[in-house]
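Asker: quick one, fold the following:
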Amino acid sequence: MIFRQLFEPESSTYTYLLGCPETRKAVLIDPVLETIERDLAALQELDLELAYTLETHVHADHVTSACYLRSLTGSKIAYPAMDSLPCADVGVAEDQPLTVGALKLQPLFTPGHTDAHHTYLVDQPDGLRAFTGDALLIDGCGRTDFQNGDAATLYHSVTQKIFTLPGDGLIFPAHDYNHRHITTVAQERERNPRLAGKTVQEFVAIMAALDLPYPKKIDVAVPANKLCGDCPTDLPERLRQIGGKSEQG
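Answerer: Down below sits the predicted model:
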């Protein structure tokens, strides 16, 4: 598998480029509007054709570039099917995996950060990779105080679905705010300060005490992302004017 981890510093978002060496087809997981040129350059450098963009959930801290990439490359937009977005070309679910050339991305329903959040599993000869979106972060997890989030639901998603994956499975989160890139299932299971050894009641109390500020871009980003990023031409400038990070965990 051809693989690149790409970082957008304004929202501290990781976008993941996965490519099939045999067919040269590729997918971008959680692409960001402001980094279209970077992503197109990466595709060209690696001689890949963008077949899909794939979202873990409807984001609140940035706007997806899915719609613009579709118009530029002919790629298809994939979203969790339960989001029921008319702009999406493909719906994914646990029984509806996404195939990109010889690559299979297996959705895992992991609600709690949002009510339709999905993790994507890619099993390769060198081991399992899990793209956990905002459900599980390095030494943390996604916030649960908006978009129908629920702390108890997230606890069960992580402990019953992600933490039951092989311990050496690699975890690639959607964000990190401390310049970290990767973790493992075993590491998070053993030392994640919010989840390791915690009961659901303890986790709910931890999440309730976070007192995170209202996301700066949520009132712009969520409506735009429900249109797959098909937004007014002045939106990038409006997002720049809003500026600033809004931590999702």
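Asker: for the residue nearest the centre of the chain, name its beta-bridge partners.
Answerer: Computing the C-alpha centroid of the chain and ranking residues by Cα atoms, centre = their mean puts residue 133 first, at 3.2 Å. Judged by DSSP bridges, the bridge partners of residue 133 are residue 173.
Asker: with the one 4 residues further on instead?
Answerer: According to DSSP bridges, the residues that bridge with residue 137 are residue 140.
Asker: surely it and residue 176 touch.
Answerer: Yes: counting by Cβ atoms under 8 Å, residue 176 is a contact partner of residue 137 at 6.6 Å. Glycine gets a C-beta too; all of them are placed from N, C-alpha and C.
Asker: who has more neighbours out of these two?
Answerer: Each of residue 137 and residue 176 has its neighbours counted (other Cβ atoms under 10 Å); residue 137 has more, 26 against 20.
Asker: and the strands in the chain?
Answerer: 2-8, 13-19, 25-29, 49-54, 76-80, 90-92, 98-100, 103-109, 118-124, 127-133, 136-137, 140-141, 170-173, 183-184 (DSSP state E).
Asker: point out where the protein drops to low pLDDT.
Answerer: By pLDDT under 70, the low-scoring segments of the chain are 231-249.
Asker: show me where it has helices.
Answerer: 36-45, 66-73, 151-157, 185-191, 200-208, 218-225, 235-242 (DSSP state H).
Asker: sorry, back to before: quick check: which of the strands of the chain is nearest to residue 202?
Answerer: strand 140-141 (13.3 Å; Cβ to Cβ).
Asker: mind listing residues that contact that closest one?
Answerer: Contacts to strand 140-141, defined as Cβ atoms under 8 Å, 6 or more residues apart in numbering, come from residues 113, 134-135, 154, 158, 192-195, 249.
Asker: likewise for stretch 171-184?
Answerer: 5, 11-14, 16, 30, 56, 61, 129-134, 136-139, 162, 167-170, 185, 187-188, 245, 247-249.
Asker: now that stretch, how far from the centre of its chain.
Answerer: 11 Å (Cα atoms, centre = their mean, to the nearest Å).
Asker: stretch 155-174 now?
Answerer: Going by Cα atoms, centre = their mean, where stretch 155-174 is centred and where its chain is centred differ by 14 Å.
Asker: what about that stretch, how long is it end to end?
Answerer: End-to-end span of stretch 155-174 (Cα to Cα, to the nearest Å): 18 Å.
Asker: so which bits of that stretch are buried?
Answerer: Using 16 or more other Cβ atoms under 10 Å as the test for burial, stretch 155-174 gives 155-159, 161-163, 165, 169-174.
Asker: out of those, which is nearest to residue 35?
Answerer: Once Cβ to Cβ is applied, the member of the buried residues of stretch 155-174 that ends up nearest residue 35 is residue 174, at 13.8 Å.
Asker: any idea how far residue 186 is from residue 177?
Answerer: 23 Å (Cβ to Cβ, to the nearest Å).
Asker: so residue 92 makes contact with residue 104?
Answerer: No: Residue 92 is not in contact with residue 104 according to Cβ under 8 Å; the separation is 11.3 Å.
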